[in-house]
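A.B. asks: the following comprises the amino acid sequence and a computationally predicted model.
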Amino acid sequence: MRRIDIRQWALCMLTMTWSCGTTETKQDAAAGGPDLGDDSETDKGTSDSGSSVGGSDSADTTSAEDSAPLPLPTCVVANTLPTWRQAMTAGQWKMLDSADISQVTPPVQPGGYYSGRIDAWNGFAADRTTSRMYLGAAGGHADYAGNEVYMIDLTAESPQWVMQTPPSPASAYLVDKPYYSDGRPSPTHTYWTSWFIEQRHKLFRFAGAGLWGTGNGGTDRIDSWNPATQSWDPEGTNPRMGVSPLYEMPTAKDLSTGDVYQLQSNNHLYRWNQETNTVTDLGEAGGGSGSFYDLYKSPLVVDGSQRLLFLSDDSAPAGSIRIYDITAKTWSTKALQGAAAPAVANRESQGMAFYDFCASKIIFKTTSGGSVYWLDPATLVATSLGTSGASVPDAINGVHTLFQSLPSLGGYAYQPKHASKLHFLATQ
């Protein structure tokens with residue numbers, strides 16, 4: 001396989017973004033895209049049929065039993081729920097007073113500010129087998145330098161955030177590098193890149209951008225954190241993902257297989273196979289203008305029939321989405337129907353979507369307050385989900401993975417901003 005210098009990945013003449021604090025601006029790629037942090041090489045696949053990308057001789061492996069698809073979620077049974085959840089009705093929002101991450105901080109404050117853990121384009125990852133959520137190495141740029149990991153158990157009667165791994169000391173900080181000098185990953189703006197992979201029993205952070213530093217640092221690394229040891233796996237445990245990481249890349253997990261899909265700034269779709277711990281280049285995204293920015297800032301979801309749905313498409317008529325059929329390896333553009341179609345297909349929405357196996361529909365969270373929508377993947381009809389209960393603030397810098405599916409609890413956890421407490425939406 002042909003070897004290339006990873007610095008050749010930069011896409012000329014595309015507009016790239018970088019962020020600081022609570023604003024984002026555009027940067028010309030000709031001036032230099034996100035720095036991947038070193039001068040090492042990586043494999044680059046070129047075949048649309050599926051090329052191997054970024055293999056690792058020391059890649060982690062799991063047993064066939066662990067790698068098998070997870071049983072699909074079922075609708076919940078009320079008497080198995082924690083007390084705080086039992087009295088809730090479908091469509092009701094509830095604020096969990098005990099779940100206040102602002103009250104949990106390291107003994108010594110890392111660089112930046114604590115609100116950057118949430119507000120700087122970051123998000124959670126949920127283990128749907130245990131209903132535990134994690135926040136790890138979330139911050140980046142000049143917003144927050146900490147790479148610590150937090151956990152909250154939503155099955156508890158009074159769920160509370162706890163720190164499971166402390167941050168690296170300031171003496172280990174490196175600017176615009178994928179790892180600090182102590183070997184732990186540098187924090188990034190996680191956007192949609194944080195996912196818990198149940199088959200591997202680990203928190204993963206996939207390729208992304210906004211490393212601690214100038215904001216121009218990107219990483220093609222896949223990093224993983226082990227709850228059993230409460231430590232980050234060494235660099236090289238997982239392969240590299242793609243060659244063109246950037247900001248706001250649509251990224252989604254197949255809830256059954258654990259595979260993760262990501263569209264990178266070269267407009268190629270990549271798949272990480274959790275069973276083999278390998279990355280495949282699935283080729284260029286078909287349709288549209290041929291630009292990554294057609295789907296930039298778009299939530300991505302795997303539906304129940306094994307299709308990837310990009311819930312916006314800047315190159316298509318308003319109200320349309322892009323669809324990739326995983327089995328057929330084909331692309332199409334479809335128009336949504338229903339009164340909620342404009343909200344679901346809102347361009348550059350920075351929202352979040354999951355396939356809800358109990359409802360057999362896709363649920364979509366927008367940045368606006370408690371607004372939530374259903375999308376029927378068979379008919380592509382979008383409808384509003386009527387909600388009640390607690391008032392939910394607007395999101396700061398997007399929803400991304402701050403909205404998390406917890407099927408064993410029959411609903412979704414959501415934290416729109418650092419200053420708010422965790423909210424829960426019952427859908428059953």
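C.D. replies: That came in fine, so what should we check first?

A.B. asks: quick one: pLDDT of the residue nearest the centre of the chain?
C.D. replies: A centroid search over the chain (CA atoms, centre = their mean) returns residue 192, at 2.1 Å, as the residue closest to the centre. At residue 192, the pLDDT value in this model is 98.

A.B. asks: next one: it from residue 107, what distance?
C.D. replies: 31 Å (CB to CB, to the nearest Å). Yep, even glycine has a C-beta here, placed from its N, CA and C like the rest.

A.B. asks: which residues of this protein score low on pLDDT?
C.D. replies: Under the criterion pLDDT under 70, the flagged ranges of the chain are 1-68.

A.B. asks: hmm, what's the outermost residue in it?
C.D. replies: residue 79 (31.4 Å).

A.B. asks: which non-adjacent residue is nearest that residue?
C.D. replies: residue 86 (7.6 Å; CB to CB, 6 or more residues apart in numbering).

A.B. asks: now do stretch 253-270: distance to the chain's middle.
C.D. replies: Chain-centre distance of stretch 253-270: 10 Å, with CA atoms, centre = their mean, to the nearest Å.

A.B. asks: checking residue 339 next. Helix, strand or coil?
C.D. replies: coil (DSSP: H, G, I helix; E, B strand; the rest coil).

A.B. asks: now swap in residue 324 and tell me
C.D. replies: Criterion first, three-state DSSP; result for residue 324: strand.

A.B. asks: wouldn't it be in contact with residue 330 here?
C.D. replies: Yes - Residue 324 lies in contact with residue 330 (CB atoms under 8 Å); the separation is 7.5 Å.

A.B. asks: anything in contact with each of the two?
C.D. replies: residue 286 (CB atoms under 8 Å, 6 or more residues apart in numbering).

A.B. asks: who has more neighbours, the two?
C.D. replies: Neighbour totals were compared for residue 324 and residue 330, and residue 324 leads with 23 against 12 (other CB atoms under 10 Å).

A.B. asks: how far away is the more buried one from residue 261?
C.D. replies: Relative to residue 261, and taking CB to CB, residue 324 is found at 8 Å.

A.B. asks: kindly report the same for residue 232.
C.D. replies: 24 Å.

A.B. asks: the more surrounded of these two?
C.D. replies: More neighbours surround residue 232 than the other of residue 232 and residue 261, with 25 against 21 (other CB under 10 Å).

A.B. asks: state the distance from that one to residue 266.
C.D. replies: Here the criterion is CB to CB. By it, residue 232 lies 28 Å from residue 266.

A.B. asks: again, but for residue 168
C.D. replies: 31 Å.

A.B. asks: try residue 350
C.D. replies: With CB to CB as the criterion, residue 350 and residue 266 are 21 Å apart.

A.B. asks: still on that earlier bit, who's more crowded, residue 168 and residue 266?
C.D. replies: The neighbour count for residue 168 versus residue 266, taken as other CB under 10 Å, is higher for residue 168 (26 against 20).

A.B. asks: part of a strand, is that one?
C.D. replies: No - counting by three-state DSSP, residue 168 is not found in a strand; it is coil.

A.B. asks: for it, give me its contacts.
C.D. replies: 146, 147, 180, 182, 184.

A.B. asks: rerun that using 7 Å as the cut-off
C.D. replies: 147, 180, 182, 184 (CB atoms under 7 Å, 6 or more residues apart in numbering).

A.B. asks: repeat that for residue 252.
C.D. replies: Applying CB under 7 Å, 6+ apart, the residues near residue 252 are 192, 261, 300, 301, 302, 308.

A.B. asks: tell me the one of those nearest residue 393?
C.D. replies: residue 192 (20.7 Å; CB to CB).

A.B. asks: host element of the closest one?
C.D. replies: Per DSSP states H and E, residue 192 falls between elements, in no helix or strand.

A.B. asks: what strands flank the helix or strand hosting residue 133, and is each parallel or antiparallel?
C.D. replies: Using DSSP H and E, residue 133 maps to strand 132-136. Strands adjacent to strand 132-136 in the sheet, as given by DSSP bridges, are strand 125-127 (antiparallel), strand 149-153 (antiparallel).

A.B. asks: next, format those strands as TSV and append mean neighbour count.
C.D. replies: Rendered in TSV, the data for the strands paired with strand 132-136 read as follows (neighbours: other CB atoms under 10 Å):
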stretch	mean neighbour count
strand 125-127	24
strand 149-153	20
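
A.B. asks: so who does the closest residue to residue 398 other than its chain neighbours touch?
C.D. replies: Distances taken as CB to CB, 6+ apart place residue 350 nearest to residue 398, at 2.9 Å, with adjacent residues excluded. When contacts are counted by CB under 7 Å, 6+ apart, residue 350 touches 297, 367, 398, 399, 400.

A.B. asks: for residue 350, helix, strand, or coil?
C.D. replies: coil.

A.B. asks: tell me which stretches of the stretch 251-400 of the chain form helices.
C.D. replies: 341-344 (DSSP state H, counting those that start in this stretch).

A.B. asks: test my guess that residue 78 contacts residue 88.
C.D. replies: No - counting by CB atoms under 7 Å, residue 88 is not a contact partner of residue 78; they are 9.7 Å apart.

A.B. asks: look up the closest residue to residue 171, ignoring the ones flanking it.
C.D. replies: Residue 171 sits nearest to residue 181 (CB to CB, 6+ apart), 7.8 Å away.

A.B. asks: ok, now how distant is that neighbour from residue 159?
C.D. replies: From residue 181 to residue 159 the distance is 35 Å (CB to CB).

A.B. asks: which one of those two has more residues nearby?
C.D. replies: residue 159 (22 against 12).
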